[in-house]
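Trainee: Take this sequence and fold it.
(3 chains)
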Amino acid sequence: MSLKDLFTPQDTIFFDLFEEQAEIACDASAKLVDLFENYNNVEAKYRALKDVEHKGDATAHKAFDELNRTFITPLEPEEISRLVTSLDDVVDFIDEGARLLLTYDIKNPDHFMLDFAKCLHQAAHEIRTGVKCLRSSIKEPEVLKGACIEINRLENVADELLTSALKNLFKSTDPIEIIKFKDIYEHFETAADKCEEVASVLTAILIRHS
Amino acid sequence: MSLKDLFTPQDTIFFDLFEEQAEIACDASAKLVDLFENYNNVEAKYRALKDVEHKGDATAHKAFDELNRTFITPLEPEEISRLVTSLDDVVDFIDEGARLLLTYDIKNPDHFMLDFAKCLHQAAHEIRTGVKCLRSSIKEPEVLKGACIEINRLENVADELLTSALKNLFKSTDPIEIIKFKDIYEHFETAADKCEEVASVLTAILIRHS
Amino acid sequence: MSLKDLFTPQDTIFFDLFEEQAEIACDASAKLVDLFENYNNVEAKYRALKDVEHKGDATAHKAFDELNRTFITPLEPEEISRLVTSLDDVVDFIDEGARLLLTYDIKNPDHFMLDFAKCLHQAAHEIRTGVKCLRSSIKEPEVLKGACIEINRLENVADELLTSALKNLFKSTDPIEIIKFKDIYEHFETAADKCEEVASVLTAILIRHS
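Mentor: Next comes the predicted model:
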């Protein structure tokens, strides 16, 4: 057994877990798009989304346990920890935003919610692209950089979406409706901020390791 | 004078200060429980809570000053800084949530607020348990790990509390009441998030030093 | 060409960029003060503020690119990254708060908004003072420390401003007005929190490098 064999498992387990988390973010945001495109069976669909979120939690815990037991890691422990946390946050805010649909008993979501969902879905795909670059020791820094730029652009899109959605919302004269919808929009906008945080960790990793 | 004597003071001062901060979090959350269990003399009780918060600020400043003057620290400076900050944040959000009771002139807090207070009080006790493990160079990693798991569980409890509280709150038709109560709930839920952040720093310290 | 010449450019470019960001924070907050002191041509004035924010984004990106290409940096890469991010956040929240004036079609801002603007303007000036200390390898730690203490004081002022503003706001019986004004106040209060985060990074740099 060579030294290389000894280290390989730890070298790959983290990349496996990061990609699993990115896949979970893609899955969660796809479920969010579907929820708004076909707004029925909301409780059942939310439970399916919650299952994805739980899977995400389990993956994040596995990553932290691995970090606990592993002496040699392919990235700095702090980088791994920050990446796992921010990937988890993306899914958490998608889940929390969707949960509010039930909490507030929303009967008619608007197209802004669908727009947010699509924006998050695109960002999740860029996250997956970026995270995959880590495994190959960032042999393609331009791909990683491009994904990060795109995630930042999508965060700006989410920002502008929030402005448009709020402008439209305040045409309503129903303050309780305003409170509910504003809260949901803001959760999705925060999910986009968390995507930007993932991009920021990926950029920091690129800085240190390329 | 041995080298050990030279280093011992700095070695213990930080643990003293962490434990002081954890004690202050226990005290603040105990005062919050009492406030809701016996909702009278709210201004005087809030002043007493604010005094605790000021004591917490002073302790945090003392820790940062110590970090300024100390060359050799028992933990990484960044770990100390992150732990001091997150412990301070827990008390800050308890204080800010309680302050809103006066700002919004809340006459009748509900049982959800008491439930939040009890949840935060439990989390503060787990924080105290976890922080005490640091002094002994984490000779009992299982105790520290157990405290962190429990803090994370309590953050989930706070999350579910928020959902139940909001579901109940929106039965009201008074939007101004809704705005006030929602703001207070969210401050306590954020305090629970900050407890989780303490657990996350403790876990990171466990990773590096055990 | 001496080694010193080789390193000097990188040594100064980051300080140039930090100071540019601090200058931008001063400019943005000055424009916010003027906006509230002379509340007319709000759209044009907001566009001018947004231009400043875009300049801030460009400066932050330049700093991250520089960090990408530079092998030897005068501060830790993480410190540079945290400082650039928090300076950018200050301007972002000033911009987002001001944008809400248009989103919510605010006709009559109140004196609390002006008070927030003045508080942020003072904090931005302290930030500029603090950031300038970095260039000289912190030869004047007392100046840097004094600026940080003042920023923390101003964050407390912003906190108390929020309490006063909310107390006053809830005298209104118009829930939609309450939602709008509360959102704007909170953005400015968060901008003050981000100033405090800048002070916290500056303090951490002081700890490591003085």
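Trainee: what sits against the residue of chain A found nearest chain B?
Mentor: For chain A, the residue closest to chain B is residue A:175, as judged by Cβ to the nearest Cβ, at 3.8 Å. Any C-beta I mention is one placed from the backbone N, CA and C, and that applies to glycine too. Neighbour list for residue A:175: B:175, C:175, C:176, C:179 [criterion: Cβ atoms under 8 Å, 6 or more residues apart in numbering or on different chains].
Trainee: Check these against residue C:134 and report the nearest one.
Mentor: Checking those against residue C:134 by Cβ to Cβ gives residue C:179 as the nearest, at 40.9 Å.
Trainee: How about that closest one: what's its closest non-neighbour residue?
Mentor: Using Cβ to Cβ, 6 or more residues apart in numbering or on different chains and skipping the chain neighbours, the partner closest in space to residue C:179 is residue A:178 (6.1 Å).
Trainee: any idea how far the one you found lies from residue A:106?
Mentor: Residue A:178 sits 13 Å away from residue A:106, going by Cβ to Cβ, to the nearest Å.
Trainee: just the helices in chain A please.
Mentor: Counting by DSSP state H, residue ranges of the helices within chain A are A:3-37, A:42-69, A:77-103, A:111-135, A:141-169, A:175-209.
Trainee: Is the shortest one in proximity to chain C?
Mentor: By that I understand helix A:111-135. No. Helix A:111-135 is not in contact with chain C by Cβ under 8 Å from any Cβ of the partner chain; minimum separation 13.3 Å.
Trainee: now the angle from that helix to helix A:175-209?
Mentor: Orientation of helix A:111-135 against helix A:175-209 (axes from the mean of the first three to the mean of the last three Cα atoms, to 10 degrees) gives an angle of 10 degrees.
Trainee: how about helix A:111-135: buried residues?
Mentor: A:112-135 (16 or more other Cβ atoms under 10 Å in any protein chain shown).
Trainee: Could you do stretch A:157-165 as well?
Mentor: A:157, A:158, A:159, A:161, A:162, A:165.
Trainee: and chain A, which residues reach chain C?
Mentor: So far as Cβ under 8 Å from any Cβ goes, chain A lies against chain C at A:163, A:166-167, A:170, A:173, A:175, A:178-179, A:182, A:200, A:203-204, A:206-208, A:210.
Trainee: how close does the residue most central in space within chain A get to residue A:195?
Mentor: Residue closest to the mean C-alpha point of chain A, counted by Cα atoms, centre = their mean, is residue A:90 at 3.1 Å. As for residue A:90, its distance to residue A:195 is 6 Å (criterion: Cβ to Cβ).
Trainee: who touches both of those two?
Mentor: Common neighbours of residue A:90 and residue A:195, using Cβ under 8 Å, 6+ apart, are A:120, A:123, A:124, A:127.
Trainee: Lowest-scoring secondary structure element of chain A by mean pLDDT?
Mentor: helix A:3-37 (a mean of 85; mean pLDDT, DSSP states H and E).
Trainee: quick revisit: of the residues of chain A next to chain C, which pair is most distant in space?
Mentor: Using Cβ to Cβ, those span at most 54.3 Å, a distance reached by A:173 and A:210.
Trainee: Between the two, tell me which one has more neighbours.
Mentor: The neighbour count for residue A:173 versus residue A:210, taken as other Cβ atoms under 10 Å in any protein chain shown, is higher for residue A:210 (14 against 8).
Trainee: low-confidence ranges in chain A?
Mentor: Within chain A, the segments meeting pLDDT under 70 span A:1-11, A:210.
Trainee: Show me which residues of chain A sit near chain B.
Mentor: Near chain B, when you scan chain A using Cβ under 8 Å from any Cβ, you find A:64, A:67-68, A:77-78, A:81, A:85, A:99-100, A:103-105, A:175-176, A:179-180.
Trainee: Report the buried members of those residues.
Mentor: For these, buried by 16+ other Cβ under 10 Å: A:64, A:67, A:78, A:81, A:85, A:99-100, A:103-104, A:175-176, A:179-180.
Trainee: Report the two members of those separated by the largest distance.
Mentor: The distance between the two most remote of these (Cβ to Cβ) is 46.4 Å, for A:67 and A:175.
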